[in-house]
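Student: Below is the sequence, then the predicted model.
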Amino acid sequence: MDVRPAFPLPDTAWKPIHEFWAGAAEHELRIPKCDACGRLCWYPREKCRHCKTTSFTWQTVSGRGTLFSWVVVTHAFLPQFADLVPFAPALVALEEDPAVRLATRIVDCDLDAIEFEMPVEVTFRPISFAGVDGEVTAPLFVPAR
């Protein structure tokens with residue numbers, strides 16, 4: 001199996017999600033919006049899952065949402081994640097369209113205080129991993145103020 005040298009950092013140059021990571025670098029949460037039906041479409045794909053149109057425009061969204069799902073990781077599943085333990089990977093349902101759920105991480109929160117449908121908001125932080133060159137600015141989520 002061939003692994004990118006920067007793994008597990010995201011491949012920010014990969015065309016289908018380049019605009020997402022370019023937005024994050026500018027502290028904007030960008031999601032593709034279907035030009036025909038107006039629905040947000042995440043994860044990016046060739047056709048809108050609602051109307052099957054193939055034209056999208058990337059839109060900056062509010063960065064507010066609710067916690068849909070999470071788990072507290074207490075054992076690193078990859079050695080690069082050992083410095084993060086314990087941490088809470090999560091799915092956040094966006095305010096603009098709760099059917100759009102972003103895979104992310106909850107930060108700046110007592111992990112025992114996390115609860116379903118907790119209001120959250122985006123924060124942008126550099127992520128990096130021990131033994132991996134580079135860092136990427138990523139949208140992570142904190143409890144809403």
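Tutor: Great, that's in hand.
Student: for Arg75, what are its contacts?
Tutor: Rather than Arg, residue 75 is His. His75 sits next to Val85 when contact means Cβ atoms under 8 Å, 6 or more residues apart in numbering. For every residue, glycine as well, the C-beta is placed using N, CA and C.
Student: any idea how far Val142 is from it?
Tutor: 24 Å (Cβ to Cβ, to the nearest Å).
Student: Likewise for Trp70?
Tutor: 13 Å.
Student: With Pro89 instead?
Tutor: For Pro89 relative to Val142 (Cβ to Cβ), the value is 14 Å.
Student: Pull up the overlap in contacts between Trp70 and Val142.
Tutor: Ile106.
Student: So for these two, which residue has more residues nearby?
Tutor: Higher neighbour count among Trp70 and Val142: Trp70, with 21 against 14, using other Cβ atoms under 10 Å.
Student: contacting residues around the more buried one?
Tutor: Contacts of Trp70 (Cβ under 8 Å, 6+ apart): 88-91, 106, 114.
Student: Those residues into CSV, with extra columns for distance to Phe81 and secondary structure?
Tutor: Listed next are the contacts of Trp70 as CSV, based on distance: Cβ to Cβ, whole Å; DSSP: H, G, I helix; E, B strand; the rest coil:
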residue, distance to Phe81, secondary structure
Ala88, 12, strand
Pro89, 10, strand
Ala90, 15, strand
Leu91, 18, strand
Ile106, 15, strand
Ile114, 18, coil
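Student: from the residues you listed, which would you call buried?
Tutor: 88-90, 106, 114 (16 or more other Cβ atoms under 10 Å).
Student: which one of these is nearest Cys37?
Tutor: Ala90 (27.6 Å; Cβ to Cβ).
Student: Leaving out sequence neighbours, find the closest residue to that closest one.
Tutor: Closest residue in space to Ala90, ignoring its immediate chain neighbours: Trp70 at 3.8 Å, by Cβ to Cβ, 6 or more residues apart in numbering.
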